[in-house]
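> Kindly return the folded structure for what I paste below:
(one chain, ligands or ions: 2)
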Amino acid sequence: MSSLVSSRLHEDIWDNRLLLARLITEVENDTATGRDALEILYPHTGNAYIIGITGAPGVGKSSLVNQLALAFRKGTGKETKPHVGIIAVDPSSPFTGGAILGDRVRMRDLSGDTGIFIRSMAARGAIGGLARTTAQVARLMDAAGFEVILVETVGAGQAEVEIASLAHTTIVVDAPGLGDDIQAIKAGILEIADILVVNKADLPGVENTERALQAMLQLSNHSGRASSAGSSSTPVWEVPVLRTVSNKGEGAFEVMENALAHLHFLRTSNEWEKRQHLRIRDEVENLVMQTMQQHWMKNLPPSALDKSVEALYSRKATPYQTVKDLLKLSGFNFD
Ligand SMILES: Nc1nc2c(ncn2[C@@H]2O[C@H](COP(=O)(O)OP(=O)(O)O)[C@@H](O)[C@H]2O)c(=O)[nH]1
Ligand SMILES: [Mg+2]
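Ligands and ions are numbered 1, 2, ... in the order given. Model (predicted):
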């Protein structure tokens, strides 16, 4: 076991931000140290409230995340301030790319506050998939005592929808004038929204964007949620549509309050348990598949796959039989 990981890891990571940063790198690289850390820390996780913030590039996600972090740090004045972890995932940018720097600059309001920890990640370099890595980085922050974790993703493809499903509350951000209202439904993004935010409410066209979102919400209500809405005993979450001007900090407090209301809804209905169980099941299934695949590849004789491809190419072998043979060569036997 590496010197980074000890049985005291939970206490160490709690007050050692540098250790957290190093463990995140280990997890991103899927090293043995990273895996050991995740195993040791697992009993200390499950406490963080994870909020996903997603939407097209340029709508103002980073600006909103910045403002939300500040809002959570200010709190409502009653309770102790939560520690806020931020994970900014931008699959389109390499690790040294401009977007990362841009995020750093934009999030500079937050620097100096030791209750906030920011980590940028890019798709390239995420071994074993961005969704897995993001979930594990969130878990490290959770174990390190961050009560609120904000995950910013570009809402484009399936991977980003998966990352968003990591969140307890998903905020989908739109903005006027981008013409991406239709895009949002296409990507299935609207279905995952617990809260809709129209950012850049200072720009013309905000009413149009709002109206388009409301209309789409009604459509999806009629199809998807009609049955649960019908029974009066089942609590139903009505997706709010909120306005923000995130570069000026307007509206972030309401977004936070709505997020907390959604958290309360999850806790008081059976949704929380249901979602957690689904997520854990998903994770185990994915890990089993990944582990089997790795085992298969590791134990396969060097040229076996090439030979099989050649045999299939010349029609001397058949696909299903080949798969059986290849699995057998790695020690799997399904007969
Ligand atoms: N006019 C206006 N500009 C905004 C607002 N929020 C963010 N911006 C600007 O929009 C640009 C993109 O913002 P950013 O937060 O990086 O968007 P992201 O790509 O979704 O993370 C930046 O230049 C921001 O300053 C807003 O509410 N109104
Ligand atoms: Mg951003």
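> same for the helix or strand hosting V309, what does it pack against?
Element membership for V309, per DSSP states H and E: helix 304-313. Judged by 3 or more C-beta pairs under 8 Å, 6 or more residues apart in numbering; DSSP states H and E, helix 304-313 is in contact with helix 319-329. C-beta here means a position set from N, CA and C on the backbone, and glycine is covered the same way.
> Show residues contacting the helix it packs on.
For helix 319-329, contacts defined as C-beta atoms under 8 Å, 6 or more residues apart in numbering pick out W296, N299, L300, P301, A304, L305, S308, A311, L312, N333, F334, D335.
> Next, count neighbours for the second one.
Number of residues near N299 (other C-beta atoms under 10 Å) recorded here: 13.
> Run a quick neighbour tally on the closest residue to it other than its chain neighbours.
Excluding its sequence neighbours, the residue lying closest to N299 (C-beta to C-beta, 6 or more residues apart in numbering) is S330, at 4.0 Å. S330: 16 surrounding residues under other C-beta under 10 Å.
> so S330 makes contact with Q293?
No - look at S330 against Q293 with C-beta atoms under 8 Å: they stay out of range, at 10.1 Å.
> Can I take it that D202 is in a helix?
No - the assignment for D202 (DSSP: H, G, I helix; E, B strand; the rest coil) gives coil, which keeps it out of a helix.
> residues contacting the closest residue to it other than its chain neighbours?
Among residues not flanking D202 along the chain, V245 sits closest, at 4.8 Å (C-beta to C-beta, 6+ apart). By C-beta under 8 Å, 6+ apart, the contact list for V245 reads N199, K200, A201, D202, G251.
> from the residues you listed, which is closest to I116?
Nearest to I116 among the contacts of V245, counting by C-beta to C-beta, is G251 at 19.9 Å.
> So what does the closest one look like in phi/psi?
When read as degrees, to the nearest 10, the backbone of G251 gives phi 90, psi -10.
> What distance do you get for the residue lying closest to it once chain neighbours are set aside to M256?
Nearest residue to G251 in three dimensions, chain neighbours excluded: T244, at 3.4 Å (C-beta to C-beta, 6+ apart). Separation of T244 from M256 (C-beta to C-beta, to the nearest Å): 11 Å.
> quick one: what helix or strand has S7 in it?
S7 belongs to no helix or strand, assigned by DSSP H and E.
> Count the residues that sit near it.
S7, neighbours per other C-beta under 10 Å, totals 9.
> That one contacts I40, doesn't it?
Yes - between S7 and I40 there is a contact at 7.0 Å, judged by C-beta under 8 Å.
> and the nearest residue to G205 once chain neighbours are set aside, what element?
Excluding its sequence neighbours, the residue lying closest to G205 (C-beta to C-beta, 6+ apart) is P176, at 3.5 Å. Assignment of secondary structure by DSSP H and E places P176 within no helix or strand.
> same deal with L4?
Using DSSP H and E, no helix or strand contains L4.
> Find me the pLDDT at the closest residue to it other than its chain neighbours, would you?
Distance criterion C-beta to C-beta, 6+ apart; nearest residue to L4, sequence neighbours excluded, is T33 at 5.4 Å. Per-residue pLDDT puts T33 at 96.
> Three-state assignment for T33, please.
Assignment for T33 (three-state DSSP): helix.
> okay, now the nearest residue to Q67 once chain neighbours are set aside: neighbour count?
Excluding the flanking residues, the one nearest Q67 by C-beta to C-beta, 6+ apart is A252, at 3.5 Å. By other C-beta under 10 Å, 25 other residues sit near A252.
> returning to that earlier point: what's the separation between the residue nearest to L4 and E39?
T33 is 11 Å from E39, by C-beta to C-beta.
> Pick out whichever of those two has more residues nearby.
T33 (18 against 11).
> Please verify my assumption that the more buried one contacts L19.
No - T33 lies out of contact with L19 (C-beta under 8 Å); the separation is 11.5 Å.
> and for those two, which residues touch both?
Between them, T33 and L19 share the contacting residues L4, judged by C-beta under 8 Å, 6+ apart.
> Are any of the contacts of helix 319-329 buried, and if so which?
By neighbour count, with 16 or more other C-beta atoms under 10 Å, the contacts of helix 319-329 hold L300, S308 as buried.
> Could you list the low-pLDDT ranges of this protein?
1-2, 76-79, 91-111, 123-128, 155-160, 179-188, 221-233 (pLDDT under 70).
> Go again with 50.
94-102, 105, 222-230 (pLDDT under 50).
> which residues of it fall in helices?
Under the criterion DSSP state H, the chain contains helices at 9-14, 17-28, 32-41, 61-74, 98-106, 130-143, 158-164, 181-186, 206-224, 226-230, 252-268, 271-299, 304-313, 319-329.
> buried ones in the second one?
This means helix 17-28. Using 16+ other C-beta under 10 Å as the test for burial, helix 17-28 gives L19, L20, R22, L23, I24, E26, V27, E28.
> centroid residue for the protein?
In the chain, the centroid-proximal residue (C-alpha atoms, centre = their mean) is I163; its distance is 3.1 Å.
> and the protein, which residues reach ligand 1?
Within the chain, the positions near ligand 1 by C-beta under 6 Å from any ligand atom are 55, 57-63, 106, 199-200, 202-203, 245-247.
> hmm, stretch 195-205 in reach of ligand 2?
No - using C-beta under 5 Å from the ion, stretch 195-205 stays clear of ligand 2, coming no nearer than 11.5 Å.
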